[in-house]
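# Give me the fold of what follows.
(chains A and B)
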Amino acid sequence: MWSLQNIADKVHDWLYLTFNPTLAMLFEFVIIGALAIGLFAMLGLILIYMERKVSAWMQLRLGPNRVGPKGIFQTMADTLKLIVKEGMTPDGADKLLFHIAPFLVMIVAMVVLAPLMFAKGFQIWDINIGVFFITAVSSISVIGVLMAGWASNNKYSLLGAMRSGAQIVSYELSAGLSILAVIVLTGSLKLSDIIASQENGWWIFKGHLPVWIAFVIFIIAVTAETNRAPFDLAEAESELTAGFHTEYSGMKFALFFLAEYVNIFVVCALGATLFLGGWMPLHFGTNTQFNKVMDYIPSVVWFFGKTFFLIFVIMWFRWTFPRLRIDQLLHLEWKYLLPISMINLLLATLIAIMNWHF
Amino acid sequence: MSFVKNYIGEVWGAVKSLATGMKLTGQYALRHKKEKITQQYPDNKDTLKLPERFRGEVVLIHDENNEHACTGCTACELACPNGSIKIITKFDLTPEGKKKKAVDTFVYHLDLCTMCNLCIEACPTDAIKMAQTFEHSVTDRNKLIKVLNKPGSKIREGVEEKKSQ
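Prediction:
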């Protein structure tokens, strides 16, 4: 059967047979880099189009429908516009930090892709601390945001960046604790192990109440971590014009914009892996007829289907809820999400120890 | 213990209200094809359907006998916040030989009008209404100063009596 794993293995074998190992590894690096950049470009185009269409549906509008059939080339036209635009640098800006910041945010989003499993056996780097790696590296992006806000020499940018810092640091806690709920049930930080443990049912079905609560908290926390509405205080357009990227234009602005969407993709992919089984098809029990039917759908379709479902949910949040105030935001995290996820972690541990899950 | 009860109650209430909001937008997303409100304007010029209360410009309603209901009371002129309406009155002679106030020229400055609807609300005889036309662009500013009563039109019989009741 067709699968990404076969293709990857064939390319790998051919490279190692034709060249010496060092050269073959270098070629693999290049291929992976090209694929990652290609994925980024595709994600940017698809997710921005999707966002505009989803928002249009929820507001009973049409959305982009002029450029190309059903407006599918609208984001390409926008990208072209951003490429030819002049990248302005303010006079009082800290030039070095100002120019590095968008690339730092982008690189962080790119590095986080490494442990993600896109399909059965199709993964860049299967490290044994995969989940830890993602949570650790993804919090570096706050440095990029702070750099951008500070270097812009603009009070709106600085305010936005400071808010973003407070927000990401706070919500990292409850996101981490809700991830831990699944980790204690699985007993491994390796993403391939976590997916393998869901072969007889996804954790959301197997784990009872604690996993449900953890899933809800995870979705709320990652929405805040990626600076999405209703937690988009970092850019709160009605108060701070555009927050930390007020002074950015042209391609540097586009990088921030793209990084936001790639971050959404990454956290949704992580959520899909932990709670919805990653590339694992919908299974109930072991060796049933239903499982065999489900296995006919390629694993890459399962992975992207679940990820895009979660992305849709996060977009759904954005076009439903009003933005929180900064004190309400921190109130929600420290008084509600954090205590609940701590108690929830205890519950999950109890279930793991007593073996109450299926 | 009441603290814990309140706490759980608050969380439950919050989850419930968020779910209510998401249900609404989710339903919109599902039936957007049927209910979409965007008009693809230049493409659907022939089938364009505007909402009932759309305010395009003020018109004086004339019936088939070229009669209107305007008594020339200038209530609309007084109600207009920015002087878009100017009513020039005249005195008609009734069959009994009495003088009666009537509208001579109903001048309407579309270029000043903000479509606030106050004149329509002020009118005691419902003689004027908001029309649904909106393609108002002209090359000469003077074309925006309109005379609303058609030439030769006169007041409908019985409007005055209804007003005084």
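# Please make it C-alpha for all contacts and neighbour counts, starting now.
Will do.
# Now for chain B, the helix or strand with the poorest mean pLDDT.
The weakest-scoring helix or strand in chain B, judged by mean pLDDT, DSSP states H and E, is helix B:159-164 (a mean of 64).
# Neighbours of residue 147, how many?
Defaulting to chain A. Residues contacting residue A:147 under the criterion other CA atoms under 10 Å in any protein chain shown number 25.
# not quite, I wanted chain B
So residue B:147, with other CA under 10 Å, has 17 neighbours.
# and it, what pLDDT?
What the model reports as pLDDT for residue B:147 is 88.
# Leaving out chain neighbours, which residue sits closest to it?
Distance criterion CA to CA, 6 or more residues apart in numbering or on different chains; nearest residue to residue B:147, sequence neighbours excluded, is residue B:107 at 4.7 Å.
# Any chance of the backbone angles for that neighbour?
When read as degrees, to the nearest 10, the backbone of residue B:107 gives phi -90, psi 130.
# ok now do the spatially most central residue of chain B, which residues does it touch?
What sits nearest the mean C-alpha location of chain B, by CA atoms, centre = their mean, is residue B:130, with 3.5 Å. Contact analysis of residue B:130 by CA atoms under 8 Å, 6 or more residues apart in numbering or on different chains lists B:54-59, B:117, B:120.
# Show me the domain layout of chain B.
Domains of chain B are assigned by automatic domain parsing as B:2-36, B:57-154.
# so how far does the longest one reach from one end to the other?
What it means is domain B:57-154. With CA to CA, to the nearest Å as the measure, the first residue of domain B:57-154 is 22 Å from its last.
# swap in stretch A:322-332?
First-to-last residue span, stretch A:322-332, CA to CA: 14 Å.
# and that stretch, how far from the chain's centre?
Put simply, stretch A:322-332 sits 22 Å off its chain's centre (CA atoms, centre = their mean, to the nearest Å).
# in that stretch, what's buried?
Within stretch A:322-332, the residues scored as buried using 16 or more other CA atoms under 10 Å in any protein chain shown are A:323-324, A:326, A:329-330.
# do that stretch and chain B meet at all?
No: using CA under 8 Å from any CA of the partner chain, stretch A:322-332 never reaches chain B; the gap is at least 10.1 Å.
# for the chain, longest helix please?
Went with chain A since none was named. helix A:21-58 (DSSP state H).
# should've been chain B
Longest helix in chain B, counting by DSSP H: helix B:2-30.
# Name the residues of it that are buried.
So, applying 16+ other CA under 10 Å, buried residues of helix B:2-30: B:22, B:25-26, B:28-29.
# filter those down to the ones close to chain A.
Near chain A, by the rule CA under 8 Å from any CA, you find B:22, B:25-26, B:28-29 out of the buried residues of helix B:2-30.
# Flag whichever of the residues you listed scores worst on pLDDT.
residue B:29 (82).
# contacting residues for that residue?
A:54, A:57-60.
# Need the buried ones from the residues you listed selected in PyMOL.
The following PyMOL line selects those of these that are buried, judged by 16+ other CA under 10 Å:
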select buried, chain A and resi 54+57+58+59+60
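# Now tabulate the contacts of residue B:29 in a markdown table and tack on pLDDT and distance to chain B.
Below are these laid out as a markdown table (pLDDT from 0 to 100; distance: CA to the nearest CA, whole Å):
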| residue | pLDDT | distance to chain B |
| --- | --- | --- |
| A:54 | 88 | 7 |
| A:57 | 87 | 5 |
| A:58 | 87 | 5 |
| A:59 | 86 | 7 |
| A:60 | 84 | 4 |
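# which among the contacts of residue B:29 gets closest to residue A:273?
The nearest member of the contacts of residue B:29 to residue A:273, counting by CA to CA, is residue A:54 at 23.8 Å.
# Is it correct that the closest one is in contact with residue A:315?
Yes: between residue A:54 and residue A:315 there is a contact at 7.3 Å, judged by CA atoms under 8 Å.
# Looking at the buried residues of stretch A:322-332, which are in helices?
Counted as lying in helices by DSSP H, out of those, are A:326, A:329-330.
# Quick check: the residue of the stretch 251-358 of chain A nearest chain B.
residue A:320 (6.1 Å; CA to the nearest CA).
# Quick check: next helix or strand after the longest helix of chain A?
helix A:74-84 (DSSP states H and E).
# Just after that next one, pick out the following helix or strand.
Reading on from helix A:74-84 to the C-terminus, the next helix or strand found by DSSP H and E is helix A:95-111.
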